[in-house]
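**Student:** Quick one, what's the 3D model for this:
(one chain, ligands or ions: 1)
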Amino acid sequence: MTAPHDLLLARCTPGAPRLEGSALDAELARQPAWAPDPERRLIARRFGFDNFYQVMAFVNAVAEIAHAQDHHPDLLVSYAACTVSFSTHSCSGLSLNDFICAAQVSALPEAQA
Ligand SMILES: C[C@H](O)[C@H](O)[C@H]1CNC2=NC(N)=NC(=O)C2=N1
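**Tutor:** Here you go, the predicted structure:
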């Protein structure tokens with residue numbers, strides 16, 4: 001099990017295994033703001049903002065994390081909100097990589113609007 005603080009410093013690893021069962025439960029419990037889909041194949045969080053400038057500043061900050069980690073979210077962008085979804089294509093589900101990026105996105109100053 002990885003402490004939240006460690007997730008903020010962690011690097012994504014290629015080929016990370018799919019998390020299931022109690023290991024997945026533990027990571028989900030550490031990121032209560034991120035909701036899994038019913039099949040637990042992705043986690044998503046909606047971030048609300050005052051305007052589109054703030055949304056786009058957030059999107060660009062998320063993109064920096066995605067480039068740095070080589071792990072890429074799906075983004076649903078609208079005028080005053082952005083919903084960020086993470087899943088790991090290579091394991092067709094959730095890996096620790098998704099929780100690393102979720103933690104780092106949640107910690108962005110741009111997310112604190
Ligand atoms: C080689 C490289 O690790 C892969 O192409 C990366 C790129 N970005 C990715 N992003 C996500 N979300 N899942 C992946 O499995 C994935 N794989």
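
**Student:** Report the helix or strand with the lowest average pLDDT across this protein.
**Tutor:** Sorted by mean pLDDT, DSSP states H and E, the helices and strands of the chain end with helix 4-9, the least confident at a mean of 82.

**Student:** where's the following helix or strand past that helix relative to the chain centroid, distance-wise?
**Tutor:** With elements assigned by DSSP states H and E, the helix or strand that comes after helix 4-9 is helix 21-30. How far helix 21-30 lies from its chain's middle: 14 Å, per C-alpha atoms, centre = their mean, to the nearest Å.

**Student:** Please apply the same query to stretch 30-46.
**Tutor:** On the basis of C-alpha atoms, centre = their mean, the separation between the geometric centre of stretch 30-46 and that of its chain is 9 Å.

**Student:** Strands of this structure, residue ranges please.
**Tutor:** With strands called from DSSP state E, the chain shows them at 35-36, 43-48, 74-78, 81-86.
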